[in-house]
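Novice: Model the structure of this input:
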Amino acid sequence: LETQQVDYTNAFCQAPLDQTVFVELPAGFESPNKVLLLQKSVYGLRQSPLNFYKHLRQGLESRGFTKSNHDDCLFTNGDTIVLFWVDDCIFYSKKSVTIDNLILSLKDEFLLEKEEDMAGFLGIQIDRGKDNKTLTMTQTGLIDRILMAMDMQDCNLKYTPAEKDPLCKDEDGPPCCENWDYRSIVGMMLYLAGSTRPDIAYAVHQCARFSHNPKHSHEVGVKHIARYLKGTHDKGIIMQPDDTKLCIDMFADADFAGLYNTEDKQDPVSVKSRTGILLTFGNVPILWSSKLQSEIALSTLEAEYIALSQGMRDLVSARRLLAELGERMDYKVMKKYYVSKVWEDNTGTQNLANSKGPLMTSCTQHIAIKYHWFRSMIGPQIEILRFDTKEQRADIFTKGLTRFMFEQGRKLVSGW
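Specialist: Presented below is the predicted three-dimensional model:
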């Protein structure tokens, strides 16, 4: 597909205001007993982002576009896809002239500027391989900003983003002492982890847990990630699409009570398990997450089953979005490939999910009903299959690993 970026100039100020809002006159223009009545949205007004969204949506719908049922920022019209994040917009179409004509039409109503193609969108670089079969997504600019903000441009390197032992609350530990802002750095790392660097997702989420009250030990954890990023500055995701796997598959894993040996054993959080999820399409990573489970699992089977159920929510949403795009854009997705495969390395979890028998056995009767909802989809839409733990791509999202095991997992997920 051809791609084109567009940036809307002073986006919020282009949207009409549907509420009565008065403002004081700006400095230098004061007039006794007078105020201004706003005609357009302005930056700083809390409803401005929504007003601009409504304005842009109306402009697209008047040009024949239809909003997705599964993503409010995705619009299609049969031969063109439009995606936007606030005032950054990207167009996809089979022909560049189609995009050019649409942009020309939008200029009658919006102030906007054409930028580059998809490469560089939202700070993400996309490079096509010489063989024309691979795409590499990186964010070297953001990594540079992180290292500069931490004054670690010349730091020593680490081979993994986290120690094998998880970070703990360290309530009695020394307070923060670094000059950089903990929350700001972790925020940048979260964006990096969610866009092009799944290999740091577990490590960053560990540090994000303590953003409300970080200690020096947590700063050390953030610096550990920075040292790893310094050594892998130009790395990201290497995408090698496999057109024989045109379906969305899922890898689910869990680390049962992984904090128990590091947290206060009287704290309920210490026995919570961690979920790791990875979704792929055409063998390319498209969504991943690493997070603690909201409730306490009583066994490895239960922790794995909760992770499986949580991942199914993302899988079902992604499948619906794929089906909607395929229908609207007339993309032919072969029926035999449309059955999603869910890879699980725990035999008990696989058996429980695939079982047609009763849910309430002596070992599983305490598991909440909300985690059984996906069983009706097993068979016609989704297959749950078991495979060796060594091939579990979601493993790097659940725990700290040795260098050898981490590099193996990173190769499976990111391709390097």
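Novice: can you dump the C-alpha coordinates of stretch 70-84 into PDB?
Specialist: Provided in PDB are the C-alpha atoms of stretch 70-84 (Å, rounded to 0.1, in the frame of the first residue of the first chain):
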ATOM      1  CA  HIS A  70     -13.700  -1.600  16.700                       C
ATOM      2  CA  ASP A  71     -11.400   1.500  16.600                       C
ATOM      3  CA  ASP A  72     -12.800   5.100  16.800                       C
ATOM      4  CA  CYS A  73      -9.700   6.500  15.100                       C
ATOM      5  CA  LEU A  74      -9.800   4.100  12.000                       C
ATOM      6  CA  PHE A  75     -11.800   5.100   8.900                       C
ATOM      7  CA  THR A  76     -12.200   3.400   5.600                       C
ATOM      8  CA  ASN A  77     -14.100   4.000   2.300                       C
ATOM      9  CA  GLY A  78     -13.400   0.900   0.200                       C
ATOM     10  CA  ASP A  79     -10.000   1.800  -1.200                       C
ATOM     11  CA  THR A  80      -8.400   4.000   1.400                       C
ATOM     12  CA  ILE A  81      -7.600   3.600   5.100                       C
ATOM     13  CA  VAL A  82      -7.200   6.600   7.400                       C
ATOM     14  CA  LEU A  83      -5.700   6.400  10.900                       C
ATOM     15  CA  PHE A  84      -5.100   9.300  13.200                       C
END
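Novice: Could you find the closest non-adjacent residue to Thr136?
Specialist: Using CB to CB, 6 or more residues apart in numbering and skipping residues adjacent in sequence, the residue nearest Thr136 is Asp127, 4.8 Å away. From N, CA and C alone the C-beta is placed, and that goes for glycine too.
Novice: Return, as residue ranges, the portions of this structure with sub-threshold pLDDT.
Specialist: 332-337, 356-363 (pLDDT under 70).
Novice: follow-up on the earlier one: and the residue nearest to Thr136, that one's in a strand?
Specialist: Yes. Under DSSP: H, G, I helix; E, B strand; the rest coil, Asp127 sits within a strand.
Novice: That one against Met118, yeah?
Specialist: No. Asp127 is beyond contact range of Met118, at 11.2 Å (criterion: CB atoms under 8 Å).
Novice: If you count surrounding residues, which of the two has more?
Specialist: Under the neighbour definition other CB atoms under 10 Å, Asp127 and Met118 were set side by side, and Met118 has more, 16 against 13.
Novice: where exactly do the helices run in the stretch 151-300 of the chain?
Specialist: With DSSP state H, counting those that start in this stretch as the criterion, the stretch 151-300 of the chain has helices at 182-195, 201-208, 216-231, 300-329.
Novice: Go through these and name the closest to Asp144.
Specialist: Between Asp144 and the helices of the stretch 151-300 of the chain, the shortest separation by CB to CB is 9.7 Å, and it involves helix 216-231.
Novice: quick one on the thing from earlier: looking at the helices of the stretch 151-300 of the chain, which is nearest to Arg57?
Specialist: Arg57 sits nearest to helix 300-329 of all the helices of the stretch 151-300 of the chain, at 16.5 Å, using CB to CB.
Novice: What's the first helix or strand after that closest one?
Specialist: Helices and strands here follow DSSP states H and E; after helix 300-329, the next one along the chain is strand 340-344.
Novice: and that following strand, what does it pack onto?
Specialist: Judged by 3 or more CB pairs under 8 Å, 6 or more residues apart in numbering; DSSP states H and E, strand 340-344 is in contact with strand 248-255, helix 300-329, strand 382-386.
Novice: Who does it pair with, and is each partner parallel or antiparallel?
Specialist: strand 248-255 (parallel), strand 382-386 (parallel) (DSSP bridges).
Novice: Nearest approach to Lys158 belongs to which of these?
Specialist: It's strand 248-255; of these, that one is closest to Lys158 (CB to CB) at 21.1 Å.
Novice: now what about the closest one, what contacts it?
Specialist: For strand 248-255, contacts defined as CB atoms under 8 Å, 6 or more residues apart in numbering pick out 273-281, 286, 293, 297, 300, 303-304, 306-308, 310-312, 314-315, 318-319, 322, 340-345, 392-395, 397-399.
Novice: Can you flag the buried ones in those residues?
Specialist: 273-281, 293, 297, 300, 303-304, 306-308, 310-312, 314-315, 318-319, 322, 340-345, 392-395, 397-399 (16 or more other CB atoms under 10 Å).
Novice: distance of the closest residue to Arg197 other than its chain neighbours from Thr160?
Specialist: Leaving aside its chain neighbours, Arg197 sits nearest to Gly236 (6.6 Å; criterion: CB to CB, 6+ apart). Distance, Gly236 to Thr160, using CB to CB, to the nearest Å: 17 Å.
Novice: Those two - which one has more neighbours?
Specialist: Gly236 (26 against 23).
Novice: mind listing what Phe256 touches?
Specialist: Ser273, Ala297, Ser299, Thr300, Ala303, Glu304.
Novice: Could you find the closest non-adjacent residue to Ser184?
Specialist: According to CB to CB, 6+ apart, the nearest residue to Ser184 is Ala149 (7.1 Å).
Novice: To clarify, my last question referred to Gln153.
Specialist: Gln153 sits nearest to Leu147 (CB to CB, 6+ apart), 5.2 Å away.
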